[in-house]
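# here is my input; please provide its structure:
(chains A and B)
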Amino acid sequence: MSQYQAVKGTRDIFPEEAARWKHIEGVVHSLASMFGFSEIRTPVFEYTELFQRGIGATTDIVGKEMFTFLPDPTGRSLTLRPEMTAGVMRAVLQKNLLSMAPVHKLYYISELFRKERPQAGRQRQFSQFGAELIGVSTPAAVAEVITLMMQVFESLGVRGLKLRVNTLGGSEERLRYREALQGYFAPFHAVLDEASKERLEKNPLRILDSKNPDMQEIVAGAPRLYDYLTASSVEDFEKVLFYLGDRGIGYDIDHRLVRGLDYYCNTAFEVISSELGAQDAIGGGGRYDGLAREFGSSSDVPASGFAVGMERLLITMEKQGLFAALDSRGPLVYVILQNQEFGDHGLQIAYRLRKAGIMTEIDLVARSMKAQMREANRIRTSYALFIGATEVETGLYALKNLVTSEQTTLSLEAVIEILREPAAKELMQ
RNA sequence: GUGAUUGUAGCUCAGUUGGUUAGAGCGCCAGGUUGUGGCCCUGGAGGCCGGGGGUUCGAGUCCCCUCAUUCACCCCA
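I've put the predicted structure just below:
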């Protein structure tokens, strides 16, 4: 065991796994652009106030999970971003993008940081991909966002996910409902658990999705938000559901779904994976018209978005065996040296093969031929090209197909002709 | 932050009521084949038994502390 290890809640991604990330990222990039979203990259840290205002000072994320630091004694407090939406909205407002066009569709694949105790599917540094549609939040717009998210899952072949949706209502409706909830829970004050007592003051909606079994009974009798919604809110929600149904996207309505970030309003949603253990939310999102105003905008800016946890998606896909096709590639050819006497010649051949667009590997640690062959086999190259006295003398090389074990003797030009692949050629240009 | 769990070779793990030089499988390296892989056979390297303290004639094993891991609570992706 080495003296240093990766910091708690962080980990390394080695080549085999990196290939899986690239696969997912490729699908995200191509689908997002197919849906008309463009990539945005924002700073890893922001002023702490941004998250306090955006996510909500009473939320767990802001209250106890942020990595906050002072760059110097006189500087302003900074925080490693615990989510992306606040930073993206800040960027859009800062550049005044909405004056250039009414709608902006942005997506990202980014690392986030939360100071939680690590467990299955939860780390202190983690990644999300997500999209933000800023400038409209009509049912059509919200449905676009959800559809893109579900399309990514579908394209990757992920099975067995459950989409849950709810509406949280507009701000006035929520305010009235909030009062009703406080009225309802007040008599139970003595029975409520600690967390719920605190939420009663700050955000009573959150009591609803408490997973504490002791709370379930009390929660069951609570007034339902649905009864406080205006006709237009209901209509809005049902229109979203209509679009989902029309596209064959299955969902469950869950009236107790309340997201942990304060900025959500109206439609909120969450995707659950059964492969994940306790941390089973693989993605989520919703509408957040009021966020811009929190950041000083003179009016609401309609918007919605989603985020999906890359690590949780990885875990789900691994359990479903969705990476099998990725795991079997190696360089095309291994240049095998009879002994070190031919090292320089071999290096030159390897260089020429690579310039010709052929993925080539060669031994650099002076191992025996047998070891080189074993290595070629281990990394699954398709061919071995032998360099020895005979080859150097005649200019004809022994090329062995490692799959069929067939071996022929050819000029280097003929070898290149055989090994040349269109895809590999493009890489070199 | 709380609770539980597990720390022995690169990896997965054995290790008896405390008793000599701490083991296996896989992996790695080499040889069997002085120009040829996979399979097989043989050999080799590689361990402050997480760290510190204690009990004991004697600790990988028992006790305490500590660090780390994992899972769960909470919450979220």
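# confirm that A:Lys162 lies within a strand, as I assumed.
Yes. Counting by DSSP: H, G, I helix; E, B strand; the rest coil, A:Lys162 is found in a strand.
# that one: neighbour count?
A:Lys162 has 15 neighbours, counted by other Cβ atoms under 10 Å. For every residue, glycine as well, the C-beta is placed using N, CA and C.
# could you report the neighbour count for the closest residue to it other than its chain neighbours?
Distances taken as Cβ to Cβ, 6 or more residues apart in numbering place A:Ile272 nearest to A:Lys162, at 4.5 Å, with adjacent residues excluded. A:Ile272 sits with 17 neighbouring residues when counted by other Cβ under 10 Å.
# for A:Ile272, what are its contacts?
The neighbourhood of A:Ile272, defined by Cβ atoms under 8 Å, 6 or more residues apart in numbering, consists of A:161-162, A:164, A:280-282.
# which of those are buried, as a PyMOL select command?
Typed into PyMOL, the next command selects the buried ones out of these (criterion: 16 or more other Cβ atoms under 10 Å):
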select buried, chain A and resi 161+164+280+281+282
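# which of the contacts of A:Ile272 are close to RNA strand B?
The subset of these within reach of RNA strand B, by Cβ under 7 Å from any atom of the strand, is A:280-282.
# what is the nearest of those residues to A:Phe129?
Nearest to A:Phe129 out of those is A:Ile282 (Cβ to Cβ; 11.4 Å).
# these two touch, right, that closest one and A:Glu311?
No. Using Cβ atoms under 8 Å, A:Ile282 makes no contact with A:Glu311, being 9.7 Å away.
# what about the residue nearest to A:Lys162? Give its phi and psi, please.
Torsion angles at A:Ile272 (phi, psi; degrees, to the nearest 10) stand at phi -110, psi 130.
# now do A:Arg11
Taking degrees, to the nearest 10 as the convention, A:Arg11 sits at phi -160, psi 170.
# grab the nearest non-local neighbour of it.
Per Cβ to Cβ, 6+ apart, closest to A:Arg11 is A:Gln123, 6.8 Å.
# measure that neighbour to A:Met310 for me?
Applying Cβ to Cβ, to the nearest Å, the value for A:Gln123 to A:Met310 is 11 Å.
# the two: who's more crowded?
A count of neighbours by other Cβ under 10 Å puts A:Met310 above the other of A:Gln123 and A:Met310, at 22 against 19.
# can you pull the phi/psi pair for the more buried one?
Torsion angles, degrees, to the nearest 10, at A:Met310: phi -60, psi -50.
# shouldn't it be in contact with A:Ser127?
Yes. At 3.9 Å, A:Met310 counts as touching A:Ser127 under the criterion of Cβ under 8 Å.
# any common contacting residues for those two?
Joint contacts of A:Met310 and A:Ser127 (Cβ under 8 Å, 6+ apart) are A:Ile109.
# give me the below-cutoff pLDDT ranges for the stretch 1-150 of chain A.
Scanning the stretch 1-150 of chain A for pLDDT under 70 picks out A:1-2.
# tell me where it has strands.
A:38-39, A:45-47, A:68-69, A:78-80, A:104-113, A:125-134 (DSSP state E, counting those that start in this stretch).
# which one of those strands is the most hemmed in?
Most buried of the strands of the stretch 1-150 of chain A, by mean neighbour count (mean count of other Cβ atoms under 10 Å): strand A:125-134, with a mean of 24.
# hmm, that one touching RNA strand B?
Yes. Using Cβ under 7 Å from any atom of the strand, strand A:125-134 reaches RNA strand B at A:126, A:128.
# and that strand, what does it pack against?
helix A:15-34, helix A:85-94, strand A:104-113, helix A:139-156, strand A:303-309, helix A:310-319 (3 or more Cβ pairs under 8 Å, 6 or more residues apart in numbering; DSSP states H and E).
# need these in JSON lines (columns: distance to RNA strand B).
Formatted as JSON lines, these follow (distance: least, Cβ to the nearest atom of the strand, whole Å):
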{"stretch": "helix A:15-34", "distance to RNA strand B": "13"}
{"stretch": "helix A:85-94", "distance to RNA strand B": "8"}
{"stretch": "strand A:104-113", "distance to RNA strand B": "7"}
{"stretch": "helix A:139-156", "distance to RNA strand B": "10"}
{"stretch": "strand A:303-309", "distance to RNA strand B": "3"}
{"stretch": "helix A:310-319", "distance to RNA strand B": "5"}
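# so which of the ones next to RNA strand B among the contacts of A:Ile272 comes closest to RNA strand B?
A:Ala281 (3.5 Å; Cβ to the nearest atom of the strand).
# who's in contact with the nearest residue to that closest one once chain neighbours are set aside?
Among residues not flanking A:Ala281 along the chain, A:Glu270 sits closest, at 5.6 Å (Cβ to Cβ, 6+ apart). For A:Glu270, the contact set (Cβ under 8 Å, 6+ apart) comprises A:163-164, A:254, A:257, A:259, A:281, A:283-284.
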